[in-house]
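Visitor: kindly return the folded structure for what I paste below:
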Amino acid sequence: MASEQVPLNRVRNIGIIAHIDAGKTTTTERILYYTGMIHKLGSVDEGNTQMDYMEQEKERGITIVSANTTTFWKDHKINIIDTPGHVDFTIEVERSLKVLDGAVIVLCSTSGVQSQTETVWRQADRYHVPRIAFINKVDRLGADFERVLGQIYDRLGANAAPINIPDHHEDRFKGIIDVVSMKYITYADADGMEMIVSDIPAEFKEKADKFHHLLIEKVAEADDAIMEKYLAEEPISAAELKAGIRRGVLKAKFLPVMAGTALKNRGVQLVLDAVIEYLPSPLEVRQAQGKDLNTGEERSCIPADDQPLAALVFKVASDPYVGKLFYTRVYSGTISAGDQLFNPGRDKTERISKILMMHANKQEIISKIGAGEIVALVGLKESKNGDTLCREKDPIVLESMRVPEPVVSMALEPKTKADQDKLGIILRKFLDEDPSLRVEYDHETSQTIISGMGELHLEIIIDRMKREHNLDANIGRPQVAYKETITRKVDKVVGKFISQSGGRGQYGHVVFNVSPGEKGTGVKFVDDIYGGVIPREFIKSVENGVKAQSCNGILAGYPVTDMVVSLVDGSYHDVDSSDIAFQLAAKIGMKEALAKGNSVFMEPIMAVEISAPEDFMGAVIGDINTRRAKITELGNISNVKTVRADIPLAEMFNYANALRSLTQGRASFSMEPSYYAQVPNNVSEKIVGARQEYLNSKKK
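Guide: Got it, this is the predicted structure:
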């Protein structure tokens, strides 16, 4: 069924995105049920949904890896990616949105717009992904559709309006009012298979008219044709309104909002209809751009089978039966099983042994795939996440993915010496799959350091090592990814390396101007040498020395960031100057620059959102104040109080247990990396002391 050929204008590539526990996986499960892909509904609580197939997902009741599936609805083919909602797995959302044409953003009608909702919204903005919103769980006690709608305006800044609204009161949910066609929808059965469409009851007429008018106003802001009719006070038909909504969504200037409860099987078919009616086909999105390696110019990838091939590998995963799966979006051209493809980024030729349509962890083998599709390829040897696949005669490199910086590190040691090589092989496999994971070897402590997006991220890696590869490891306490940076500009910093020990000597001499850089820019090297005072062949050596020293600051050996290093002067010796001499001179100069530039620690700050009953909020605020919190917002969700704060990551380890103790287990929280900030002096001294103690203990 999945391999069925469908015209490209009837293909939809969509993602389901949301904050954790908003109901993404349940919504996807219902989509598969109503489209006939499955015949029995699974439950996240029971661990038997189609899309959460990993053991860790079933145990925790959360999505950890994005899962692909393909289904059909009303003669349209829908490729769906169900993404995680937890911030620790944000790379899964990032790489999914990179290749998708549209998205359904799911919100909980009691929790509303939460921190990770804002994160996935910003990610979708970055890739210009058109969206529709589904306010889920409207059958819950405390559900408030209009309050969540207000948060969409205030927190997301979206031009939004409902295209349907719920008929609900407290935890009683009766039906849905369609404010486009002005009809009332109820359900004939508990499974929600049969919808009954009738006229809107008299008691809802005024409310329906109010939201119908609001919808026209908001669509008019995004679409000129509707604006003209609106200003002329001409009647606007349902068909015209739908066309206006579609044009607004395709330009990402309008967000249709829908209501329902996926768990109780209400409203999901209407979401499917909206995906077909309002979200774009591959023909209607901005064409992918890449650099044509034959001409050196930008080239658009026209979504057609007769165009040169351009495909992006956006995810690498392992399958116990077929080996590595390379999830790929084909932007133009076609791929057939047995094809020889070119990877220009690695200058390698790859052979495709199989093409698979994925349904979570199940597979369907197909012989050929065309433009606009998402598939898994088997047989690639050299390709990695973010690589381009094309034909050797038409080489193109597509823009790769943005990968977030890790914020938490922990030390790993295999329990036996015999497992040391095995650990390296397993970690290389995980690195291929997960670009947000980092692995380094600390020569001072003889430990392997893994870094990731949070404690849960690293916990899952350790768990997978044990379950999938039978490898036990000793684990060190999570370490914060501190960084160092300078706080003031310094000119004429000298780095000189001179060595004479018989025979040929070594001579390198550099002069730097250094200044603080913009946040998040890392260490930027600028070549400002004129007149040949340093030969061109040694400039790269100087840059390499600067980058090498940037990995180890002078305060406690943490990486250096946000610094501009300009090479302005220096000298060389005709005989004694060498690559290594200039590298060492640059390292010496960097150390001097950090000392004179008043180097300080920077620490990751987390944006934290805590929800707790009012009785406990005083204790919660008191506790986070001891954690160096900067409170940014206090609010209410029904009878629950919320607090948003910026808190250093170093103060948030094991916070879940502390919060449970404070609130008798009745509070919840979420956090995401926000920015880096300077560490206070009193804390800085503790960090240096703790780092030194840690290093000394490992040397014994």
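Visitor: name the residues linked to residue 377 by a beta bridge.
Guide: residue 326, residue 355 (DSSP bridges).
Visitor: residues contacting it?
Guide: Residue 377 sits next to 313, 325, 326, 328, 335, 352, 354, 355, 356, 389 when contact means CB atoms under 8 Å, 6 or more residues apart in numbering. Heads up, the C-betas are built off the backbone N, CA and C, glycines and all.
Visitor: pretty sure residue 523 contacts residue 545?
Guide: No - Residue 523 lies out of contact with residue 545 (CB atoms under 8 Å); the separation is 11.6 Å.
Visitor: how close does residue 451 get to residue 436?
Guide: Distance of residue 451 to residue 436, given as CB to CB, to the nearest Å: 9 Å.
Visitor: so what sits against both of these two?
Guide: residue 406.
Visitor: I'd say residue 335 and residue 305 touch.
Guide: No - contact criterion CB under 8 Å: residue 335 and residue 305 do not qualify, at 10.3 Å.
Visitor: excluding chain neighbours, what is closest to residue 265?
Guide: residue 192 (3.2 Å; CB to CB, 6 or more residues apart in numbering).
Visitor: and the longest strand for this structure?
Guide: If you go by DSSP state E, the chain has its longest strand at strand 600-613.
Visitor: tell me the helix or strand right after that strand.
Guide: Per DSSP states H and E, the first helix or strand lying C-terminal to strand 600-613 is helix 614-625.
Visitor: what sits up against that next one?
Guide: Outside helix 614-625, the residues that reach it (CB under 8 Å, 6+ apart) are 608, 610, 612, 631, 639-641, 643, 645, 647, 658-659, 662-664, 666-667.
Visitor: for residue 335 and residue 305, indicate the residue with more neighbours.
Guide: residue 335 (21 against 15; other CB atoms under 10 Å).
Visitor: stretch 527-542: how far from the chain's middle?
Guide: The chain centre lies 39 Å from the centre of stretch 527-542; the measure is CA atoms, centre = their mean, to the nearest Å.
Visitor: ugh, typo on my part, it should be stretch 553-570
Guide: Centroid separation for stretch 553-570 versus its chain: 29 Å, with CA atoms, centre = their mean.
Visitor: that one: end-to-end distance?
Guide: One end of stretch 553-570 to the other measures 23 Å (CA to CA, to the nearest Å).
Visitor: ok, back up a step: from the contacts of helix 614-625, which would you call buried?
Guide: 608, 610, 612, 640, 641, 643, 645, 647, 659, 662, 663, 667 (16 or more other CB atoms under 10 Å).
Visitor: in the residues you listed, which has the lowest confidence score?
Guide: Taking the buried ones among the contacts of helix 614-625 together, the minimum pLDDT is found at residue 640 (76).
Visitor: please report the distance of that one from residue 143.
Guide: From residue 640 to residue 143 the distance is 13 Å (CB to CB).
Visitor: what strands flank the one helix or strand residue 507 maps to, and is each parallel or antiparallel?
Guide: When elements are assigned from DSSP H and E, residue 507 belongs to strand 506-516. As defined by DSSP bridges, the strand partners of strand 506-516 come to strand 490-499 (antiparallel), strand 563-571 (antiparallel).
Visitor: so for residue 266, which of the ones you listed sits nearest?
Guide: In terms of CB to CB, the element of the strands paired with strand 506-516 nearest to residue 266 is strand 563-571, at 55.2 Å.
Visitor: let me know the average pLDDT across the closest one.
Guide: Mean predicted confidence for strand 563-571 is 93.
Visitor: equivalent analysis for stretch 494-503, please.
Guide: 82.
Visitor: contacts for that stretch?
Guide: For stretch 494-503, using CB under 8 Å, 6+ apart, the contacting residues are 505-512, 576, 581-582, 584-590, 592.
Visitor: cutoff 10 Å now
Guide: 505-512, 542, 545-546, 549, 567, 569-571, 573, 576, 578, 580-593 (CB atoms under 10 Å, 6 or more residues apart in numbering).
Visitor: that one: which residues count as buried?
Guide: 495, 496, 497.
Visitor: reformat these as TSV; add distance to residue 201.
Guide: Output for these, formatted as TSV (distance: CB to CB, whole Å):
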residue	distance to residue 201
495	80
496	86
497	85
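Visitor: closest to residue 482 out of those?
Guide: The closest of these, once distances to residue 482 are taken by CB to CB, is residue 495, at 24.6 Å.
Visitor: do you know how far the closest residue to the closest one other than its chain neighbours is from residue 194?
Guide: Nearest-residue entry for residue 495: residue 589, 2.3 Å, with adjacent residues in sequence omitted and distances by CB to CB, 6+ apart. Going from residue 589 to residue 194 by CB to CB gives 76 Å.
Visitor: again, but for residue 177
Guide: 18 Å.
Visitor: quick one: which of the two has more around it?
Guide: residue 177 (23 against 10).
Visitor: hey, what's the closest residue to residue 100 other than its chain neighbours bridged with?
Guide: Spatially, and ignoring its direct neighbours in sequence, residue 100 is nearest to residue 15 (4.6 Å; CB to CB, 6+ apart). Beta bridges link residue 15 to residue 81, residue 103, judged by DSSP bridges.
Visitor: now the end-to-end length of stretch 572-581.
Guide: So stretch 572-581: terminal residues 10 Å apart, CA to CA.
Visitor: oops, could you answer that again for stretch 247-263 instead?
Guide: 31 Å.
Visitor: kindly report the same for stretch 196-205.
Guide: Stretch 196-205: ends 18 Å apart by CA to CA.
Visitor: got the end-to-end distance for stretch 392-403?
Guide: 28 Å.
Visitor: show me which residues of it are buried.
Guide: For stretch 392-403, using 16+ other CB under 10 Å, the buried residues are 394, 395, 396, 397, 398, 400, 401, 403.
Visitor: for the fifth one, give me its contacts.
Guide: Shown here is residue 398, whose contacts under the criterion CB under 10 Å, 6+ apart are 98, 288-291, 299, 301, 310-313, 329, 331, 344-345, 386-390.
Visitor: only the buried subset of those, as a ChimeraX command please.
Guide: Per 16+ other CB under 10 Å, the buried members of the contacts of residue 398 correspond to this ChimeraX selection:
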select :98,288,290,291,299,301,310,311,312,313,329,331,344,345,386,387,388,389,390
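Visitor: just to revisit the earlier point, what do residue 335 and residue 305 both touch?
Guide: 368, 369, 370, 371.
Visitor: restricted to strands, list these.
Guide: 368, 369.
Visitor: quick one, what contacts residue 518?
Guide: With the criterion set at CB under 10 Å, 6+ apart, residue 518 makes contact with 524, 562, 564.
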